[in-house]
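A.B. asks: Dropping the sequence and predicted coords here.
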Amino acid sequence: MRALCLHGHFYQPPREHPWLGVIEPEASAAPHRDWNARVTAECYAPNAAARVLDGAGRLAALVNNYEWTSFDFGPTLLAWLAPHAPDVLAALRRADAASIARTGRGNAWAQAYGHPILPLSTPRDVRTQVLWGRAEFEWRFGRAPDGMWLPEMAVDLTALRALADAGIGLTILAPHQARRVRPLGAPERAWKTVRPETLDTRRVYRCVLGEGRSVDVVFRDAGISHDVAFGPLLHDGAGLAARLRAALAEGPADGLLTVAVDGETFGHHHRFGEMALAFALRALVAEGHVVLLPPAAFRDAVPPADEVEIAEGTSWSCPHGVERWRADCGCRVGGPPSWNQAWRAPLRAAIDWLRDQVANVYERRAGEVLRDPWGARDRYVACVLDPARTEAFVAAEAAAAPTAAAVRHARRALELARHALLMQTSCGWFFDELTGIEPVQVLRYAARAIELADGFGTRLEADFCARLEPARSNLAGGGNGAEVYRRAARGAAASPARVAASAALLGLLGRDADVPGYAVVLPAAADGRLTGDAEVREHATGETRRVPVAAAMRDGVPAARAGDAAFTLADLFGVQREALLDALGRDAAGAVQAAGRAAVERIRPLLDVVLSDGVPMPPSLAALLGWEGASAIVAGLDAGAAIEELAAAGARLRRRGVRFPVDWLASRLTAALESAAAELPARAREVTALLDLAAATGVPLDLERAQRVVFEWRRSTPDAPAALVAALSERLALAPEDP
């Protein structure tokens, strides 16, 4: 029996607006709203139910790839998945439980919380990042982690000791990160220097850290991992299985072949990569010669017999060590050849300086109200995971019976410490351009930390900007680091005045005046005007400010003054603009459709006569009647009309040359189909009728989700009526294998 571990490192950087606590729209993620949503649609969700097709292209099986592969998910990503894609998080938990039942160990691993480069962090920050990562894992999976993924595999002894101190005894590294090996307990002279090509990566090694501490290390197969991530192996599942099979045959019978790649490889970086992975996993399992194991299960069977000494300050994604996150070392993603990354060094210097300054502020000011400031920071993750705990947490950590002012003081200090951790996120240095969304996000966390420190009377912004000035954008007009900070980071700040003004502007338009992360109470509006004091309460710190506001409509457009500043709709936060544009779009579309219906009604007596003569319909009229017909179809579905009658009406319109708005109608028919499929067998007739309706109107539907829903229903309902199963399978191109 040959052992195989395929490990996926799934991660997205924290993307939340530091003041609002929500992700704003990201245009570069189109056609999706933001990058988390896009990669979830392309990777995280498909891997939870990866499709396996038969020779005729029909859906034959669904595979939860997470059940058969080791994986770690970034804590900040899991925090987003919980409310936005709970089905994916549920699939991860099911996969972990299934792995425990099958192998005795779970597939899920933890990850250092904010994905910093640990060798570039202070030992105190390393400890907190590891403890937060462990706590978040236990919160999501209900057990202690066996292993922890080191961000970018960046490693040193400080990081490994932090793992050991947190009770985490496993990690994965690359072969070039081993310096030398010897049998456990052997004398000093037994050490043998190794190179990537001479290291035996099929065994588990123990890294001895002193004082009775150690962490075991699994080394990935660099060649296969590279070819999966960057080569052609995911073009064909059979080819992937063959490559893995051959590699396993070359190794010892008691060894573990470990392949470790970014999880986004499967579906995001390589479209349909999750399908190739699923095919390969099924093929290997069916053959019976390969056992798929998480590293901890293999270690249980074959404990480490050798010790390893690591090469400190190394990583998997920079051959220069960890220079990619502090220097222009030549590592890049693929920008123009003329670009450089000299901006990385001053950005690192500025962030490190700010980190140290903030630590001084935190220790001093948090110490005024908390009995153990740094211990409180280590434990503050409980409030990050469940904000409802915050008041009780502060009371338990307080140096004395806390007053309301002391509670706000403590919460401000703890939020200062949290943002100082997040501003060290590795993605800020990974890519090619200073003005990219990742460096800007790091600068935004820095801006929030600077603001919180300012509230404690420590001014840090001028010195921070001075350190950023040497950083230069590669883009014409991009500016230097200080300019990027002021424009893109500080310019995003949610000052009490801006929060109050944005709420007032939206209120005058009759729109939702909520501001994420804040509770705003506005003075009453009358005759298109709003004047008085607004109350702004920040959820994160509990601080409340009163801001004088005056807002009025001018030529149908609102304008406001709050405090000493003037504000217009251009000052709305991105998430507010998104909601307003969506509402305005719906209003405008409704008005256009109403006008179109009225215009059609005026000319309908003529149309009924002229169109009956078979005269070709002009495009403008075909589109106008198409919108009218599509609206009638959707209204009929909402009203519970007979779908067969809607299909007949749609077919008649289509024969007359009407052109339906395909994308608009397809999205609504697809949603209706998925809703009906989720309530089988009661709504089986609706499923087939909706497919008939789509065919009658010539609207192609995205059937993937409906296929999965019906397939799962078929698999979980063995006594389903055979005729119904056959009909649905035929219409949805399903060919489920016999269980």
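C.D. replies: Yep, that arrived. Owing to the predicted nature of the structure, the values given are computational and were not obtained by experimental measurement. Residues are numbered from 1 along each chain as shown.

A.B. asks: three-state assignment of the closest residue to Trp19 other than its chain neighbours?
C.D. replies: Excluding the flanking residues, the one nearest Trp19 by CB to CB, 6 or more residues apart in numbering is Ala494, at 3.5 Å. The C-beta positions use only the backbone N, C-alpha and C, and glycine is treated the same way. Classification of Ala494 using DSSP: H, G, I helix; E, B strand; the rest coil returns coil.

A.B. asks: Could I get the contacting residues of Ala494?
C.D. replies: By CB atoms under 8 Å, 6 or more residues apart in numbering, the contact list for Ala494 reads 17, 19-20, 515, 517-518, 573.

A.B. asks: Filter these down to the ones in strands?
C.D. replies: Residues of the contacts of Ala494 located in strands (DSSP state E): Tyr518.

A.B. asks: Just the buried ones from the contacts of Ala494?
C.D. replies: Buried subset of those (neighbour count, 16 or more other CB atoms under 10 Å): 17, 19-20, 515, 517-518, 573.

A.B. asks: Ala162 and Ala135, how far apart?
C.D. replies: 14 Å (CB to CB, to the nearest Å).

A.B. asks: In terms of packing, which of these two has more residues around it?
C.D. replies: Ala162 (26 against 21; other CB atoms under 10 Å).

A.B. asks: Now that one: which helix or strand?
C.D. replies: Per DSSP states H and E, Ala162 falls inside helix 157-165.

A.B. asks: Which strands or helices does the helix or strand just after that helix pack on?
C.D. replies: Following helix 157-165 in sequence order, the next helix or strand is strand 170-173 (DSSP H and E). Judged by 3 or more CB pairs under 8 Å, 6 or more residues apart in numbering; DSSP states H and E, strand 170-173 is in contact with strand 148-149, strand 213-219, helix 295-301.

A.B. asks: Kindly recompute the last result at 7 Å.
C.D. replies: With contacts defined as 3 or more CB pairs under 7 Å, 6 or more residues apart in numbering; DSSP states H and E, strand 170-173 has these neighbours: strand 213-219.

A.B. asks: what are the C-alpha coordinates of the strand it packs on, in CSV please?
C.D. replies: Output of strand 213-219 as CSV, limited to C-alpha atoms (Å, rounded to 0.1, in the frame of the first residue of the first chain):
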residue,chain,number,x,y,z
ARG,A,213,10.0,20.9,22.1
SER,A,214,9.9,19.6,18.6
VAL,A,215,7.8,19.9,15.4
ASP,A,216,7.6,17.2,12.8
VAL,A,217,8.1,18.2,9.1
VAL,A,218,6.8,16.7,5.9
PHE,A,219,8.5,17.8,2.8
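
A.B. asks: so Val687 sits right up against Ser675, yeah?
C.D. replies: No. The pair Val687 / Ser675 is not scored as a contact, 9.8 Å apart, by CB atoms under 7 Å.

A.B. asks: So if I had to pick from the two, which one is more boxed in?
C.D. replies: Comparing Val687 with Ser675 by other CB under 10 Å, the one with more neighbours is Val687, at 27 against 16.

A.B. asks: Okay, buried residues for stretch 323-343 please.
C.D. replies: Under the neighbour-count criterion of 16+ other CB under 10 Å, stretch 323-343 has 323-327, 329, 331-332, 341, 343 buried.

A.B. asks: Contacts made by it with the rest, please.
C.D. replies: 117, 120, 317-318, 320, 344-345, 348, 426, 429-434, 471-472, 474, 481 (CB atoms under 7 Å, 6 or more residues apart in numbering).

A.B. asks: Is it possible to mark the buried ones in the residues you listed?
C.D. replies: Buried subset of the contacts of stretch 323-343 (neighbour count, 16+ other CB under 10 Å): 117, 120, 317-318, 344-345, 348, 426, 429-434, 471-472, 474, 481.

A.B. asks: show me where pLDDT drops low in the stretch 351-500 of the chain?
C.D. replies: In the prediction, the stretch 351-500 of the chain carries no residues with pLDDT under 70.

A.B. asks: where do the strands sit along it?
C.D. replies: Using DSSP state E, counting those that start in this stretch, no strands are assigned anywhere in the stretch 351-500 of the chain.

A.B. asks: what about the helices in it?
C.D. replies: For the stretch 351-500 of the chain, the helices defined by DSSP state H, counting those that start in this stretch cover 373-379, 381-385, 390-397, 404-422, 427-430, 437-454, 461-468, 481-484, 496-508.

A.B. asks: Out of those helices, which is closest to Leu732?
C.D. replies: Leu732 sits nearest to helix 437-454 of all the helices of the stretch 351-500 of the chain, at 38.6 Å, using CB to CB.

A.B. asks: For Arg38, what is the enclosing helix or strand?
C.D. replies: Going by DSSP H and E, Arg38 is part of helix 35-39.

A.B. asks: Just give the closest residue to Asn474, not the sequence neighbours.
C.D. replies: Trp339 (4.1 Å).

A.B. asks: what's the helix or strand for that neighbour?
C.D. replies: Per DSSP H and E, Trp339 falls between elements, in no helix or strand.

A.B. asks: can you pull the pLDDT of it?
C.D. replies: With respect to pLDDT, Trp339 scores 97.

A.B. asks: how far away is it from Ala27?
C.D. replies: Distance from Trp339 to Ala27, by CB to CB: 21 Å.

A.B. asks: before we move on, what about Ser716?
C.D. replies: Counting by CB to CB, the gap from Ser716 to Ala27 is 41 Å.

A.B. asks: can you check Gly556 too?
C.D. replies: The gap separating Gly556 from Ala27 is 27 Å, by CB to CB.

A.B. asks: Can you find which helix in this structure contains the most residues?
C.D. replies: With secondary structure taken from DSSP state H, the chain has its longest helix at helix 574-610.

A.B. asks: by how many degrees do that helix and helix 496-508 diverge?
C.D. replies: With axes from the mean of the first three to the mean of the last three CA atoms, to 10 degrees defining the directions, helix 574-610 sits at 20 degrees from helix 496-508.

A.B. asks: so what's Leu703 up against?
C.D. replies: By CB under 7 Å, 6+ apart, the neighbours of Leu703 are Leu732.

A.B. asks: Send me the helix or strand that contains Thr258 as PDB with only the CA atoms.
C.D. replies: Assigned by DSSP H and E, Thr258 belongs to strand 256-262. In PDB, the C-alpha atoms belonging to strand 256-262 read as follows (Å, rounded to 0.1, in the frame of the first residue of the first chain):
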ATOM      1  CA  LEU A 256       4.500   9.200   1.900                       C
ATOM      2  CA  LEU A 257       4.400  11.100  -1.400                       C
ATOM      3  CA  THR A 258       3.400  14.700  -0.500                       C
ATOM      4  CA  VAL A 259       2.200  17.100  -3.200                       C
ATOM      5  CA  ALA A 260       1.500  20.600  -1.900                       C
ATOM      6  CA  VAL A 261       0.200  23.500  -4.000                       C
ATOM      7  CA  ASP A 262      -2.000  26.600  -3.600                       C
END
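
A.B. asks: Sheet partners, orientation included, of that strand?
C.D. replies: When sheet partners are counted by DSSP bridges, strand 256-262 sits next to strand 2-10 (parallel).

A.B. asks: Just the residues contacting the strand it pairs with, thanks.
C.D. replies: Residues from elsewhere that reach strand 2-10 (CB under 7 Å, 6+ apart): 44, 69-74, 77, 149, 172, 244, 248, 253, 255-264, 266, 284, 289-295, 298.

A.B. asks: For that strand, give the mean pLDDT please.
C.D. replies: The average pLDDT within strand 2-10 is 97.

A.B. asks: gap between that strand and the chain center?
C.D. replies: Per CA atoms, centre = their mean, to the nearest Å, the displacement of strand 2-10 from the mean C-alpha position of its chain is 21 Å.
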